[in-house]
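Trainee: no letters, just coordinates:
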């Protein structure tokens, strides 16, 4: 059986990741593909701890501790969810991956090379997409209580790192501050080209 595709969506909260993953998943299923939607933090015990932590108000843990916890959750996520699905030939759409650790914990001063070294186990996605939006606009979109990470100055630093990753060729930028149908059309086009590249044997997008 041919190995599946691993596609990662990154961006600050309010950029539309949940919405666009759902829409893309529906379209791909209609085309006959088997799709798995997943996210980080994952549904395992470490992931559940991180989800509770994210939505607490108050003081953050040391950024290095955050990085270690997110990496531990990622190890379980890759081993128990992502890799089994890829082996079955599924298209895996993940809301966040290790680029989030680079961006969010890197914004707090954690060494990016250290984060990369910890995440050497993590397979490279076939496509890594940044849904990019200015923090000022993203915060206006949020209709829930903000997490411990969603402070304007912090999100500006997070976005700066994401943009650096785009310039370094690790992420593909998609302007998320446009009508939903326009953004979705661009995302579908990216994925369709990726699927076609598997037939022709060309390299994947970042």
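Mentor: Done, it's in. Everything numeric here is computed off the predicted structure, so don't read it as measured data.

Trainee: quick one: the strands in the chain, in order.
Mentor: Using DSSP state E, the strands assigned to the chain run over residues 5-10, 35-39, 91-95, 127-132, 172-175.

Trainee: so which of those strands is nearest residue 153?
Mentor: Residue 153 sits nearest to strand 127-132 of all the strands of the chain, at 18.0 Å, using Cβ to Cβ. Quick note: C-beta positions are derived from backbone N, CA and C, even for glycine.

Trainee: packing partners of the closest one?
Mentor: Packing partners of strand 127-132 (3 or more Cβ pairs under 8 Å, 6 or more residues apart in numbering; DSSP states H and E): strand 5-10, helix 152-167, strand 172-175, helix 180-200.

Trainee: pLDDT-wise, which helix or strand of this structure ranks last?
Mentor: The helix or strand of the chain with the poorest confidence is helix 135-141; it has a mean of 65 (mean pLDDT, DSSP states H and E).

Trainee: pLDDT weak spots in the protein?
Mentor: Along the chain, segments meeting pLDDT under 70 span 1, 57-58, 137-151, 201-204.

Trainee: contact partners for the most centrally placed residue in the chain?
Mentor: For the chain, residue 96 is the residue whose C-alpha lies nearest the centre (Cα atoms, centre = their mean; 2.2 Å). Contacts for residue 96 (Cβ atoms under 8 Å, 6 or more residues apart in numbering) come out as 8-10, 17, 39-40.

Trainee: okay if I get those residues as JSON lines plus distance to residue 152 and neighbour count?
Mentor: Converted to JSON lines, those look like this (distance: Cβ to Cβ, whole Å; neighbours: other Cβ atoms under 10 Å):
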{"residue": "8", "distance to residue 152": "25", "neighbour count": "25"}
{"residue": "9", "distance to residue 152": "22", "neighbour count": "27"}
{"residue": "10", "distance to residue 152": "19", "neighbour count": "28"}
{"residue": "17", "distance to residue 152": "19", "neighbour count": "23"}
{"residue": "39", "distance to residue 152": "24", "neighbour count": "19"}
{"residue": "40", "distance to residue 152": "23", "neighbour count": "22"}
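
Trainee: just checking, residue 75 touches residue 121?
Mentor: Yes: the criterion here is Cβ atoms under 8 Å, and residue 75 meets it with residue 121 at 6.2 Å.

Trainee: more crowded one of these two?
Mentor: Neighbours were counted for residue 75 and for residue 121 using other Cβ atoms under 10 Å; residue 75 has more, 17 against 11.

Trainee: if I look at that one, how far off is residue 98?
Mentor: With distances taken as Cβ to Cβ, to the nearest Å, residue 75 is found 10 Å from residue 98.

Trainee: anything in contact with each of those two?
Mentor: residue 122.

Trainee: may I see the strands of the chain organised as CSV, with distance to residue 68 added?
Mentor: Listed next are those as CSV, based on distance: least, Cβ to Cβ, whole Å:
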stretch, distance to residue 68
strand 5-10, 20
strand 35-39, 19
strand 91-95, 20
strand 127-132, 22
strand 172-175, 28
